[in-house]
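Trainee: can't give you the sequence, but here's the structure:
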């Protein structure tokens, strides 16, 4: 079982996977409770625009992904809070729009299709030491912000208006949350891919909600489900030569189905 | 605090609110003082909730001025003085992962700074609030499993956890049975008398207005202020505003005598 950990690239893959599972599931808890699930998908596709720009223009794709995802998150949050428009429709428009822009940029830029492909589906086995350091530093900062404001964010998710009349800085914290989520998504797409990060962010929490327990326990169950799925998914992918991102997502969906069945009323 | 009798908690002057070309509130002026017990009634769509939302800074008035403890709403900082229980409060999302304790804890969030998290004082305040509303024994229960009356008391416990000076309740009886309603109004009176908490509540059900209400505001685009429930009986404007439902007040009073 542990022979796979004798390989350097597997050690890095596991480390990156564990970091991303923790970041995605903890930020995902707030996203799901705020009914922003679709936002993670949209931001993942916005991040692709950054990757495309980076690949074509020769900048670091990861940094460009962070910049574009954060900008996109701010636009979404601004539209949501300032105008009475259907926020799910805005997300759908930005999602397909971003993907279209990313594909056009890459296609105009020439033969970069293979690189883009790896950002769509992730390549956890080609994670470099530098990637881990980047994910570690920015992931820790994001996590510290989320945990510092977890009570406020939970209150806002429960009832935004009551939180506001209780003196919680709702507008600031909503922008902070989407910014942190955009950063986490941009950090993650190299590893699990933009098509799959949404699943890792949303499904562990939705599965945890089936156990009908309080806030803290829901967050912990969600974290455990994400960690287990990533470890199990990567193990299967190593021994059966399966694509890692997709295997991880299937594992988390399997746990979701099990949670649904055993908690059926 | 003799000064607090001079400076009204809420000071509204010539307030107007319209949305999508429709006038919802027109030339509203009123003052609410420390220690009052006020009921706001009026027909559905008459602007009761809108007025409360403006008082709390959730809606911007089209024109006019609202002051909270003598300050403009955007300059007001001491939000923990105000406990707000919105209309839909007891109709919670049953799947939201929250125990009764989780919900009441929210009432302390604005009292905490970033670096001092849940302290002993917070814990005591939360337990006191739960005890006052008789929900301490439900602390570890999931909010989705409670009855309407229990949820209502939890929501008020959350509002009380910040030790507010004023409690604002919007149609607190939505989804609550009659027995719980009676118990609930007894609790409100107690909070007003014993804890000196200023109470403002909205209802569209004139039948529930109790004798110990200090003032009654009727709102149907404009406001009419009746000073005591006895005034209400002769408050002609109310009759005009409320039409047939005024009758039910007479009946209610009649039964009590």
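Mentor: Noted; the coordinates are in hand. Computed from a prediction, not measured in an experiment: that's the story for all the values here.

Trainee: Now do residue 81: how many residues are near it, please.
Mentor: No chain in the question, so chain A it is. 13 (other Cβ atoms under 10 Å in any protein chain shown). To be clear about C-beta, it is placed using only N, CA and C from the backbone, and glycine gets the same treatment.

Trainee: that's the wrong chain, I meant chain B
Mentor: Residue B:81 is flanked by 17 other residues according to other Cβ under 10 Å.

Trainee: Grab the nearest non-local neighbour of it.
Mentor: Excluding its sequence neighbours, the residue lying closest to residue B:81 (Cβ to Cβ, 6 or more residues apart in numbering or on different chains) is residue B:165, at 4.7 Å.

Trainee: doesn't residue B:33 make contact with the one you found?
Mentor: No: contact criterion Cβ atoms under 8 Å: residue B:165 and residue B:33 do not qualify, at 11.4 Å.

Trainee: if I look at those two, which residues touch both of them?
Mentor: By Cβ atoms under 8 Å, 6 or more residues apart in numbering or on different chains, residue B:165 and residue B:33 have these common neighbours: B:9, B:198.

Trainee: Compare the two and say which is more crowded by neighbours.
Mentor: residue B:165 (20 against 17).

Trainee: pLDDT below threshold where in the chain?
Mentor: In the absence of a named chain, chain A is used. A:1-2, A:84-85, A:111-114 (pLDDT under 70).

Trainee: Switch to chain B, please.
Mentor: Judged by pLDDT under 70, the stretches of chain B that qualify are B:1-6, B:89-91, B:113-117, B:174-176, B:205-211, B:226-257.

Trainee: Chain A contacts on that one?
Mentor: B:56-58, B:77-80, B:82, B:84-86, B:89, B:95-99, B:101-103, B:105-107, B:109-110, B:112, B:114, B:117, B:140, B:142, B:144, B:162 (Cβ under 8 Å from any Cβ of the partner chain).

Trainee: nearest spatial neighbour of the single nearest residue of the stretch 101-250 of chain B relative to chain A, skipping sequence neighbours?
Mentor: Sorted by distance to chain A under Cβ to the nearest Cβ, the residues of the stretch 101-250 of chain B start with residue B:110, at 3.6 Å. Leaving aside its chain neighbours, residue B:110 sits nearest to residue A:167 (3.6 Å; criterion: Cβ to Cβ, 6+ apart).

Trainee: Tell me where the chain has helices.
Mentor: No chain was given, so I picked chain A. In chain A, the segments counted as helices under DSSP state H are A:8-33, A:37-57, A:61-82, A:87-109, A:113-121, A:129-148, A:150-158, A:160-165, A:170-192, A:197-209, A:215-239, A:244-262.

Trainee: Correction: the question concerned chain B.
Mentor: Under DSSP H, chain B gives helices at B:48-55, B:100-106, B:120-132, B:148-160, B:178-194, B:229-234, B:236-242, B:246-256.

Trainee: Rebuild these as JSON lines, extending it with mean neighbour count.
Mentor: Shown next, in JSON lines, are those (neighbours: other Cβ atoms under 10 Å in any protein chain shown):
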{"stretch": "helix B:48-55", "mean neighbour count": "23"}
{"stretch": "helix B:100-106", "mean neighbour count": "25"}
{"stretch": "helix B:120-132", "mean neighbour count": "17"}
{"stretch": "helix B:148-160", "mean neighbour count": "25"}
{"stretch": "helix B:178-194", "mean neighbour count": "15"}
{"stretch": "helix B:229-234", "mean neighbour count": "15"}
{"stretch": "helix B:236-242", "mean neighbour count": "17"}
{"stretch": "helix B:246-256", "mean neighbour count": "13"}
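
Trainee: between the ones you listed, which one is nearest to residue A:116?
Mentor: Nearest of the helices of chain B to residue A:116, taken as Cβ to Cβ: helix B:100-106 at 43.2 Å.

Trainee: just to revisit the earlier point, who's in contact with the residue nearest to residue B:110?
Mentor: B:77-80, B:110.

Trainee: The residues you listed into JSON lines, with extra columns for distance to residue A:218 and neighbour count?
Mentor: Shown next, in JSON lines, are the contacts of residue A:167 (distance: Cβ to Cβ, whole Å; neighbours: other Cβ atoms under 10 Å in any protein chain shown):
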{"residue": "B:77", "distance to residue A:218": "32", "neighbour count": "9"}
{"residue": "B:78", "distance to residue A:218": "32", "neighbour count": "13"}
{"residue": "B:79", "distance to residue A:218": "27", "neighbour count": "20"}
{"residue": "B:80", "distance to residue A:218": "27", "neighbour count": "18"}
{"residue": "B:110", "distance to residue A:218": "23", "neighbour count": "20"}
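
Trainee: Next one: whichever residue of chain B sits closest to chain A from residue B:144, what distance?
Mentor: Chain A sits closest to residue B:79 of chain B, with a gap of 3.2 Å, by Cβ to the nearest Cβ. In this view, residue B:79 and residue B:144 are 27 Å apart by Cβ to Cβ, to the nearest Å.

Trainee: I'd assumed residue A:165 was in contact with the residue of chain B closest to chain A.
Mentor: Yes: using Cβ under 8 Å, residue B:79 is in contact with residue A:165, at 6.2 Å.

Trainee: and residue A:57, how many residues sit next to it?
Mentor: 11.

Trainee: any idea what sits nearest the residue of chain B closest to chain A, other than its immediate chain neighbours?
Mentor: Spatial nearest neighbour of residue B:79, chain neighbours left out: residue A:167 (3.2 Å); criterion: Cβ to Cβ, 6+ apart.

Trainee: Would you list the phi and psi of residue 60?
Mentor: I went with chain A, as the question did not name one. phi -70, psi 120 (degrees, to the nearest 10).

Trainee: let's do chain B instead
Mentor: Taking degrees, to the nearest 10, you get phi -90, psi 130 for the backbone angles of residue B:60.

Trainee: ok, it - contacts?
Mentor: Residue B:60 neighbours (Cβ under 8 Å, 6+ apart): residue B:54.

Trainee: How about the contacts made by residue 143?
Mentor: No chain specified, so I'll use chain A. For residue A:143, the contacting residues are A:22-23, A:26, by Cβ under 8 Å, 6+ apart.

Trainee: should've been chain B
Mentor: B:92, B:96, B:98-100, B:102-103, B:151, B:154.

Trainee: between the residues you listed, which is closest to residue B:68?
Mentor: residue B:103 (25.1 Å).

Trainee: May I have the phi/psi pair for whatever residue of chain A ends up closest to chain B?
Mentor: Residue nearest to chain B within chain A: residue A:167 (3.2 Å; Cβ to the nearest Cβ). Torsion angles at residue A:167 (phi, psi; degrees, to the nearest 10) stand at phi 90, psi 10.

Trainee: Chain B contacts on the stretch 101-250 of chain A?
Mentor: Residues of the stretch 101-250 of chain A lying near chain B (Cβ under 8 Å from any Cβ): A:148-149, A:151-152, A:154-155, A:158-159, A:161-168, A:208-209, A:212-215, A:217-218.
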